[in-house]
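Novice: sequence first, then the predicted structure:
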Amino acid sequence: MLEAKTGTTETRELAWTRWVLQSARVWDDVSDIVQVIGIKGVDEDHRKFTQYALDLNIVIQAFHNSNVSLDNLKKGEEIFTLLIDYAGLHFNREEKIMTEMNSPLKEAHLEQHAFFLKMIQDHYSDFKRGRLQMVSGLKLSILDWWVNHINVVDYNTFVLGQKAPPDTVENGRQA
C-alpha cells in the first residue's frame, strides 16, 4: 500500500496519489504518477497492465452501483484473465532482464511478483464464486500495489540498480 512519509508535503502527495487512483479511468489519468523505467517493453507492459486494472475498477464500480449484469460479470471475467496472463508475461520479461543484468535484487523482486499474482488469483477466485463484496475490496489494492511496485521496486532495480529501502519492502509485500 502507498504510505505517507513524515511531513505535510508527503501526506498531501499521498492524498493526491490516492485520489488519482480512485478517480482514474484511463492510463492518461495516472501516467503522471507512474515512474518511467526507460526500458521500452517494461514501460509498455506497465501502461497496458495499468489500463487493465483501471478497466476492472470500472466494472467493480458498476457492481457498487447495483449494476450486476451478465455483461459486467463477463467483462470482469475477461479482465481478470487479462490481468493474470499479462502479469505473467510481464514478470517473465522482468525476470529475463534482471538475469541479464545479474541483479542482486532479482530474488526479492520475484518474491513480490509471486505475492502479487497470488493476490490477483485470490480475488479472481472470490469473483468466480460470486463473492462480489470481497471483490469490491480490491478496487484500489491492485492499482495501489502496482503503482508502488513500479515507482519503488522497479525503479530501484532497473533505473538505480540498487535495493529498495528496507521500510518499503517486507516479506515479499510492499509496506
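Specialist: Noted; the coordinates are in hand. Residues are numbered from 1 along each chain as shown.
Novice: so A87 makes contact with I120?
Specialist: Yes: at 6.5 Å, A87 counts as touching I120 under the criterion of CB atoms under 8 Å. C-betas here are computed from N, CA, C, even on glycine.
Novice: now do the helices in the chain.
Specialist: Listed in chain order, the helices of the chain (DSSP state H) span 8-23, 27-30, 40-64, 70-101, 106-128, 132-136, 141-148.
Novice: okay if I get those helices as CSV plus mean neighbour count, distance to V159 and mean pLDDT?
Specialist: Output for the helices of the chain, formatted as CSV (neighbours: other CB atoms under 10 Å; distance: least, CB to CB, whole Å; pLDDT from 0 to 100):
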stretch, mean neighbour count, distance to V159, mean pLDDT
helix 8-23, 13, 19, 77
helix 27-30, 15, 19, 89
helix 40-64, 18, 10, 88
helix 70-101, 15, 11, 93
helix 106-128, 16, 13, 91
helix 132-136, 15, 34, 62
helix 141-148, 21, 15, 86
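Novice: CSV please, covering these and showing distance to N156.
Specialist: Shown next, in CSV, are these (distance: least, CB to CB, whole Å):
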stretch, distance to N156
helix 8-23, 18
helix 27-30, 20
helix 40-64, 14
helix 70-101, 12
helix 106-128, 9
helix 132-136, 31
helix 141-148, 12
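Novice: nearest to G161, out of those?
Specialist: helix 70-101 (7.4 Å; CB to CB).
Novice: packing partners for the closest one?
Specialist: helix 40-64, helix 106-128 (3 or more CB pairs under 8 Å, 6 or more residues apart in numbering; DSSP states H and E).
Novice: what angle separates that helix from helix 40-64?
Specialist: 150 degrees (axes from the mean of the first three to the mean of the last three CA atoms, to 10 degrees).
Novice: what angle separates helix 70-101 from helix 141-148?
Specialist: Going by the same axes, to 10 degrees, helix 70-101 makes 30 degrees with helix 141-148.
Novice: tell me the angle helix 70-101 makes with helix 106-128.
Specialist: Using the same axes, to 10 degrees: helix 70-101 against helix 106-128 is 170 degrees.
Novice: in TSV, list the helices and strands packed on helix 70-101 along with distance to I97.
Specialist: Formatted as TSV, the helices and strands packed on helix 70-101 follow (distance: least, CB to CB, whole Å):
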stretch	distance to I97
helix 40-64	7
helix 106-128	10
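Novice: F158: which of the ones you listed is closest?
Specialist: helix 40-64 (6.8 Å).
Novice: which strands or helices does that closest one pack on?
Specialist: helix 27-30, helix 70-101, helix 132-136, helix 141-148.
Novice: quick one: distance of the shortest one to the chain centre.
Specialist: A distance of 14 Å separates the centroid of the chain from that of helix 27-30, by CA atoms, centre = their mean, to the nearest Å.
Novice: kind regards, and thank you for your time.
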